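Enquirer: Return atomic coordinates for the entry below.
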Amino acid sequence: MTQKESAEQLSGSLMEARLQAAERHFRQAIPASAVFEARPVFYDGETLRLWAPLEANRNHQGAFFGGSAAAIVTLAGWLLLFFKLQDLHENASVIIQKSTMHYLKPMCADVVAVAQLAPNESWPRAQKALRRHAKTKLRVRVGLWEGVEEKATFQGG
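Expert: Numbers count the residues shown, from 1 in each chain. Below is the predicted model:
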């Protein structure tokens, strides 16, 4: 194994451990999240991906329940900001005060919520405000994907 392969394997192991620790944290901090069986599967400093199974979130018609979808995208946005603050070694609270959800098409399989800062948001500006005022505001954008198709969108902050 080369040094690069070894470093990538260690990096992957550390990220997996971090994702598992975050899942334990949000299950404890937000007990209702356990019902959705959502699991963070990726974070790279810019993007967070949260997977959720259809089986735990289906409605009476066998499609993804809209209330579950709304909770999962909110959780993904919350978790993105949680990770970004953790990267700064900041022990700050994350609060989603306002959000908008658009359902584009029914979801009939497992989904992945893909969370990023909303367009035109500046993480450096937010960091500066956080250091100066001990608080900041940011908007996140989350797409809810079934395979390669975006089925719902969320914006909140």
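
Enquirer: H102 belongs to a helix, doesn't it?
Expert: No: when the secondary structure is assigned by DSSP: H, G, I helix; E, B strand; the rest coil, H102 falls in strand instead of a helix.

Enquirer: What segments of the chain are helices?
Expert: If you assign secondary structure with DSSP state H, the helices in the chain sit at 3-29, 33-36, 66-87, 123-133.

Enquirer: By mean pLDDT, show me the worst of those helices.
Expert: Out of those, helix 3-29 stands lowest, with a mean of 73 (criterion: mean pLDDT).

Enquirer: Adding mean neighbour count, write the helices of the chain out as JSON lines.
Expert: (Each C-beta comes from the backbone N, C-alpha and C, glycine too.) Compiled in JSON lines, the helices of the chain are given as follows (neighbours: other C-beta atoms under 10 Å):
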{"stretch": "helix 3-29", "mean neighbour count": "12"}
{"stretch": "helix 33-36", "mean neighbour count": "16"}
{"stretch": "helix 66-87", "mean neighbour count": "21"}
{"stretch": "helix 123-133", "mean neighbour count": "13"}
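
Enquirer: of all those, which lies closest to S93?
Expert: Among the helices of the chain, the nearest to S93 by C-beta to C-beta is helix 66-87 (9.0 Å).

Enquirer: what comes up buried for stretch 90-98?
Expert: In terms of neighbour count (16 or more other C-beta atoms under 10 Å), stretch 90-98 has its buried residues at 94, 96.

Enquirer: what's the burial count for V114?
Expert: V114 is flanked by 19 other residues according to other C-beta atoms under 10 Å.

Enquirer: Could you report the distance from it to G147?
Expert: Distance, V114 to G147, using C-beta to C-beta, to the nearest Å: 12 Å.
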